[in-house]
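1. Based on what follows, work out the 3D shape:
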Amino acid sequence: MKVLITSFLLVFNIFLHAQQMNRTPLPTRQQLAWHEMEFYLFIHFGPNTFTDKEWGHGDEPEDIFNPAQLDCRQWARIAKQAGAKGIIITAKHHDGFCLWPSKYSRHTVRESKWKNGKGDVLKELSQACKENGLKFGVYISPWDRNHPKYGTAEYNDVYVNTMKEIFANYGSIWELWWDGANGEGPNGKKQVYDWDRFKKTIRTISPRTVVFSDVGPNIRWVGNEKGIAGKTNWNYLDTMGFTPGLGAPPTDTLNTGNAFGKAWIPAECDVSIRPGWFYHANEDDKVKNGDQLFDLYLKSVGRGSNLLLNVPPDRRGLIHENDSAALMAFKKLRQESFSKNLLGDAKAYWEINEEAFLKDSIDYRTLDKKGSVYSINTQSFLVQLPNPRQVNCIVLREAIHLGQTIENFKIVLFNNNLSVNEISGTTIGRKRIVTFPVQTITSFKVILKDRFGNDNVSGVSAYLLDEKLVEK
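-> You can find the predicted model right below:
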């Protein structure tokens with residue numbers, strides 16, 4: 001039963017129980033791939049960039065959109081250098097302005113001065129993402145403050161055709177982002193969105209695309225725009241009777257999920273690198289720094305979610321130098337913090353029982369001795385270091401392809417069999433980054449409470465972070 005910890009991954013014999021799988025919602029292959037993305041960029045860009053608005057009214061003249069130095073390759077290069085794995089762009093925000101020459105609108109780049117009406121931001125960005133190995137995603141607001149048919153049954157046809165147009169013309173789209181906002185259009189009416197039809201359309205034309213909204217169907221909003229997931233964060237959610245927007249579940253439910261939810265709908269944490277979502281020159285000195293971004297990483301990715309960080313291009317059509325510098329500092333901190341796993345030469349052992357552990361009466365190295373018979377507790381394991389070392393961060397990973405079943409955990413730190421600290425938490429999910437004051441340890445014990453009595457931890461690693469970065 002002795003198991004060695006190698007590199008990042010500590011692999012225990014994870015039990016694949018058919019009964020568990022029948023009782024627990026499981027992620028799709030596309031959702032599992034989404035979980036591994038961890039961090040990617042949001043790009044808010046459009047007429048608001050030039051009007052200093054956050055929500056345009058839809059009556060802005062098309063000529064106001066004129067990013068003379070637009071360079072989507074610069075966006076993609078910076079994203080890749082920052083360690084982001086994809087870009088999602090606001091192809092159409094609430095003002096209705098389309099960043100591509102849509103056949104279903106007269107409020108697009110085609111009507112602008114930019115490139116004499118021959119430009120296409122989606123074409124340029126999708127190509128730049130492809131060149132840099134990044135995933136490409138689009139945000140398409142169903143609210144349209146410009147379209148004359150908004151507020152009528154015909155507008156649902158327009159919106160469906162708009163989605164079909166984008167999916168047909170811009171290659172593989174990894175994530176589709178639905179904003180649930182629903183206000184009045186130019187005729188003073190609100191739209192009754194046909195969400196069921198919208199979902200069926202995407203499932204038909206692009207079944208591998210993951211779809212985001214307050215209630216999924218594949219990814220959910222985390223319930224705030226601060227980039228922070230709940231300390232308890234279930235990947236499950238109940239959606240019966242709920243819709244995106246005003247019909248969504250309460251924000252605290254979105255933040256924590258439902259422990260016994262009927263569907264696998266994990267949370268995505270969206271936040272802007274600036275106070276606003278669109279570029280404003282008066283915010284150039286208010287860009288979040290590397291330390292602040294690292295803190296958000298701990299509170300999003302470190303709680304089992306993904307981090308969607310908005311970086312809005314400026315009026316030139318470029319990511320501003322201050323934003324780029326902050327992204328590079330963020331990347332440097334992640335590299336320095338997680339490059340050296342302190343468990344590379346450690347060993348891990350199943351636990352026999354609580355009493356034996358506390359009395360230190362069993363030599364864990366005899367667990368694989370032929371003929372030995374012990375009562376093994378698969379919800380508890382010990383990690384033994386060959387020599388004392390300083391640690392202030394332990395990362396746990398759950399085998400989420402089997403579902404999310406760990407309800408809570410406890411980590412007990414030891415120095416020569418003397419307990420020096422104890423940290424408790426609830427859910428683990430895809431990744432749980434646990435930080436604490438620096439301790440010198442020789443071993444630590446992980447105690448789990450799993451819904452089905454299993455040990456679904458698939459990985460464990462330990463690090464020594466700069467103390468200023470440790471989550472308070």
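2. mind giving me the domain ranges of the chain?
-> 3-18+341-469, 37-338 (automatic domain parsing).
3. deepest of these, which one?
-> domain 37-338 (a mean of 20; mean count of other CB atoms under 10 Å). Every C-beta, even on glycine, is put in place using the N, C-alpha and C of the backbone.
4. Next, the contact list for the residue most central in space within the chain, please.
-> With distances taken as CA atoms, centre = their mean, N306 lies nearest the centre of the chain, 1.3 Å away. Going by CB atoms under 8 Å, 6 or more residues apart in numbering, N306 touches W34, H35, M37, E38, F39, Y40, P266, A267, E268, C269, S300.
5. With V395 instead?
-> Here V395 is in contact with F338, K431, R432, I433, V434, G459, V460, S461, A462, Y463 (CB under 8 Å, 6+ apart).
6. Quick check: the last one vs L308, distance?
-> Relative to L308, Y463 is positioned 24 Å away (CB to CB, to the nearest Å).
7. same check, this time on T256
-> In terms of CB to CB, T256 sits 18 Å off from L308.
8. and if you look at G459?
-> 24 Å.
9. With G86 instead?
-> Using CB to CB, G86 is found at 9 Å from L308.
10. Ok, F167 next?
-> On the measure of CB to CB, F167 and L308 end up 20 Å apart.
11. Identify the spatial nearest neighbour of L254, chain neighbours not counted.
-> Leaving aside its chain neighbours, L254 sits nearest to G223 (3.4 Å; criterion: CB to CB, 6 or more residues apart in numbering).
12. can you give me the strands for the stretch 351-472 of the chain?
-> 377-398, 406-415, 418-425, 432-450, 457-463 (DSSP state E, counting those that start in this stretch).
13. Tell me which strands the shortest one pairs with, and in which orientation.
-> Within its sheet, strand 457-463 is paired with strand 377-398 (antiparallel), according to DSSP bridges.
14. Next, the angle from the partner strand to strand 432-450.
-> Strand 377-398 runs at 150 degrees relative to strand 432-450, counting by axes from the mean of the first three to the mean of the last three CA atoms, to 10 degrees.
15. closest to R106 out of the strands of the stretch 351-472 of the chain?
-> Nearest to R106, of all the strands of the stretch 351-472 of the chain, is strand 432-450, at 48.6 Å by CB to CB.
16. For that closest one, name the packing helices and strands.
-> On a contact count with 3 or more CB pairs under 8 Å, 6 or more residues apart in numbering; DSSP states H and E, strand 432-450 meets strand 377-398, strand 406-415, strand 418-425, strand 457-463.
17. Export those strands to CSV and append columns for mean pLDDT.
-> Listed next are the helices and strands packed on strand 432-450 as CSV, based on pLDDT from 0 to 100:
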stretch, mean pLDDT
strand 377-398, 92
strand 406-415, 96
strand 418-425, 96
strand 457-463, 94
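18. quick one: the strands in the stretch 201-350 of the chain?
-> 210-213, 219-221, 236-237, 263-264, 267-272, 306-310, 347-351.
19. Adding distance to A229, write the strands of the stretch 351-472 of the chain out as CSV.
-> Output for those, formatted as CSV (distance: least, CB to CB, whole Å):
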stretch, distance to A229
strand 377-398, 15
strand 406-415, 16
strand 418-425, 13
strand 432-450, 11
strand 457-463, 19
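20. So which of the contacts of N306 sit within helices?
-> In helices, defined here by DSSP state H, the members of these are W34, H35, S300.
21. and which of those residues is nearest G56?
-> Top of the list for closeness to G56, among those and by CB to CB, is S300 at 28.4 Å.
22. Is it correct that the closest one is in contact with G230?
-> No. In this structure, S300 is not within contact of G230 by CB atoms under 8 Å, at 10.5 Å.
23. now stretch 258-278, how far from the centre of its chain.
-> 7 Å (CA atoms, centre = their mean, to the nearest Å).
24. Quick one: end-to-end length of that stretch, please.
-> 33 Å (CA to CA, to the nearest Å).
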